[in-house]
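Trainee: requesting a structural model of the entry that follows:
(one chain, ligands or ions: 3)
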Amino acid sequence: MHEKTIFALSSGSLPSGVAIIRVSGPAVADTAEKILGCLPPPRKATFSRFRHPSTGDLLDEGLSIYFPGPNSFTGEDVLELQGHGGKASVEAILTALASIEGLRVAEAGEFSRRAFENNRMDLTELEGLSDLIAAQTEGQRRQALSQSQGVLRALYEGWRSDIIQARALIEAELDFADEDDVPGSVSDQVWSGVLTLINQISDHLDDGRRGELIREGFSIALLGPPNAGKSSLLNALARRDVAIVTPQAGTTRDTIEISMRIGEHLVVITDTAGLRQTDDEIEREGIKRAVQAARHADLVVWLSPSDAPADLPVKLREIPNEQLLTIGTKADLATSQCEIVVSTVYTNGLDVFLRELEDRIDKRLGHGESAALSRQRHRFALNECSNCLRLSIQSKLDLELRSEHLRQAGDHLGRLTGRIDVEDLLDVIFSEFCVGK
Ligand SMILES: Nc1nc2c(c(=O)[nH]1)N(C=O)[C@@H](CNc1ccc(C(=O)N[C@@H](CCC(=O)O)C(=O)O)cc1)CN2
Ligand SMILES: Nc1nc2c(ncn2[C@@H]2O[C@H](COP(=O)(O)OP(=O)(O)OP(=O)(O)O)[C@@H](O)[C@H]2O)c(=O)[nH]1
Ligand SMILES: [Mg+2]
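Mentor: Ligands and ions are numbered 1, 2, ... in the order given. Have a look, this model is predicted:
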């Protein structure tokens, strides 16, 4: 339990219709007495007057809710003061709270941190909560909500307890190794169970980075010869004048990124320098970056001008078919061989193009059918876990060593959910939180 009671404005920026100030910690009951004159009934929204604890001045009136611990968001006693969302009203209440002995302003993410420390949430749920607040698309919202409700926690804790169970059986076998009548079949079963687990983890990892792409954004690179209309298309998609467009070939050099929503998903679209042979040093650097962007993209859109069709250059032929979409541009000037054609002059074909993008993105990212890992941290830990499990099933190794590999495998999952030594990770995770969360 923490000594200090923390408080902060938990609702959004002011002014707002209503503002929610949360207080959490051992001094909550005392705080309620001082500000409200009494402790409101548990878990009931109660109309109250908020008064300054020493002067008795009326500060605001609103609703108060008391959540006695451990049945609260943080697991501690929590008091919510839901007042008017004026800057001065909120300031007056915060100042009054600060004047009470034992209370201090919460740091960013501190309410959530206490929820973690009181075992109300594990690390993956915390990350889900942080993602939920950052979510900008329906896909992100759905994934973050289910993660904050513990889909990954359930999966990883389940695996961890399987490993602990397996290790217990192996340890038992080690203890009885001197006795002649121990059947080998127990450990055979254990190792076949571990093999099943390795396969489950591998299926979970082998998801085309679905969860990470939902969270970070699906990346699309626009490539083509100079003057194909890449920057014009970027501007049309962004509906603003982001990139310079001129009739001169070789206008764009730096890569230019925009973020937008397509269907349920966040997408990052990169405009690039037109590909051609050139002696211009700056342009050459731009082309190098363009090729890099193409290699890192989840989808490359190749723009072939209808009036001067251009094939995909050799250095982009390594890109797999399903990550490539060729479209004809400047459809107003000539007929194109391409199935999808656009014209940014008459804004023709943009809707068909967008629908094709949406289809491809949805196919790749799905609709949150199964639990997907959402961070590289998860991928690293699961890979480490899996490596240890693979070592543990090597029958030529000493049984004691194999058991040790099992222990390490379990520890990697424990770090993933925050059950073991994660102090260093906490600061990283909470740095993403805002004050009041
Ligand atoms: N006013 C308000 N709205 C809010 C929050 C809040 O803190 N205050 N939340 C802040 O994130 C979210 C809801 N999160 C919460 C999570 C748990 C409990 C809670 O009291 N849990 C108890 C009782 C559960 C139950 O009755 O089933 C418990 O888990 O024991 C409250 C809010 C979104 N809306
Ligand atoms: N007729 C017609 N002209 C277009 C269309 N799209 C772009 N243009 C023109 O083509 C020229 C080149 O357009 P950009 O968008 O700058 O082409 P880019 O592919 O970005 O060119 P670089 O940056 O040089 O590689 C400009 O003059 C545009 O106005 C189109 O759909 N139809
Ligand atoms: Mg350009």
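Trainee: can we go C-alpha only for contacts and neighbour counts from here?
Mentor: OK.
Trainee: pretty sure Ala409 contacts Arg390?
Mentor: No. Ala409 lies out of contact with Arg390 (Cα atoms under 8 Å); the separation is 9.4 Å.
Trainee: between these two, which one's more packed in?
Mentor: Neighbours of Ala409 and Arg390, each counted by other Cα atoms under 10 Å, are more numerous for Ala409; the result is 27 against 17.
Trainee: secondary structure class for that one?
Mentor: For Ala409, the reduced secondary structure class is helix; criterion used: DSSP: H, G, I helix; E, B strand; the rest coil.
Trainee: so who does it touch?
Mentor: Ile163, Glu384, Cys385, Ser386, Asn387, Cys388, Leu389 (Cα atoms under 8 Å, 6 or more residues apart in numbering).
Trainee: could you check the helix or strand containing the fifth one and say which residues are buried?
Mentor: What that stands for is Asn387. Assignment of secondary structure by DSSP states H and E places Asn387 within helix 376-392. Of the residues in helix 376-392, 378-379, 381-386, 388-392 count as buried by neighbour count, 16 or more other Cα atoms under 10 Å.
Trainee: what about Ser161, distance to ligand 2?
Mentor: Remark: distance between Ser161 and ligand 2 (Cα to the nearest ligand atom, to the nearest Å) = 55 Å.
Trainee: what angle do whichever helix or strand that residue is part of and helix 376-392 make?
Mentor: With elements delineated by DSSP H and E, Ser161 resides in helix 151-175, which encompasses its position. Computed with axes from the mean of the first three to the mean of the last three Cα atoms, to 10 degrees, the direction of helix 151-175 lies at 20 degrees from that of helix 376-392.
Trainee: show the subsequent helix or strand relative to helix 151-175.
Mentor: Remark: after helix 151-175, the chain's next helix or strand is helix 185-205, criterion DSSP H and E.
Trainee: now that following helix: average pLDDT?
Mentor: Taken as a whole, helix 185-205 has an average pLDDT of 93.
Trainee: picking up where we left off before, the helix holding Asn387 versus helix 185-205: what angle between them?
Mentor: Going by the same axes, to 10 degrees, helix 376-392 is angled at 150 degrees with respect to helix 185-205.
Trainee: with just CA atoms, put the helix or strand of the chain with the lowest mean pLDDT into CSV.
Mentor: Using mean pLDDT, DSSP states H and E, the weakest-scoring helix or strand in the chain turns out to be helix 423-430, at a mean of 75. Output of helix 423-430 as CSV, limited to C-alpha atoms (Å, rounded to 0.1, in the frame of the first residue of the first chain):
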residue,chain,number,x,y,z
GLU,A,423,10.9,-2.3,-12.9
ASP,A,424,12.8,-0.9,-15.9
LEU,A,425,9.9,-1.7,-18.3
LEU,A,426,7.4,0.2,-16.2
ASP,A,427,8.9,3.6,-16.7
VAL,A,428,8.8,3.0,-20.5
ILE,A,429,5.2,1.9,-20.5
PHE,A,430,4.0,4.7,-18.1
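Trainee: next, the buried residues of that helix.
Mentor: For helix 423-430, a neighbour-count test (16+ other Cα under 10 Å) marks Phe430 as buried.
Trainee: counting by contacts, list what the helix holding Ser161 packs against.
Mentor: When contacts are defined as 3 or more Cα pairs under 8 Å, 6 or more residues apart in numbering; DSSP states H and E, helix 151-175 sits against helix 123-134, helix 185-205, helix 399-417.
Trainee: isn't Ile244 up against Thr251?
Mentor: Yes. The criterion here is Cα under 8 Å, and Ile244 meets it with Thr251 at 7.2 Å.
Trainee: higher neighbour count, the two?
Mentor: Taking other Cα under 10 Å, Ile244 and Thr251 do not tie; Thr251 has more neighbours (18 against 10).
Trainee: isn't that one right up against Ser231?
Mentor: No. The criterion here is Cα under 8 Å, and Thr251 misses it with Ser231 at 9.0 Å.
Trainee: quick check: neighbours shared by the two?
Mentor: Counting by Cα under 8 Å, 6+ apart, the shared contacts of Thr251 and Ser231 are Ile244, Val245.
Trainee: tell me the contacts of the residue nearest to Thr417 when sequence neighbours are not counted?
Mentor: Leaving out its chain neighbours, the residue that sits closest to Thr417 by Cα to Cα, 6 or more residues apart in numbering is Leu123, at 5.0 Å. Neighbouring residues of Leu123 by Cα under 8 Å, 6+ apart: Phe116, Leu416, Thr417, Gly418.
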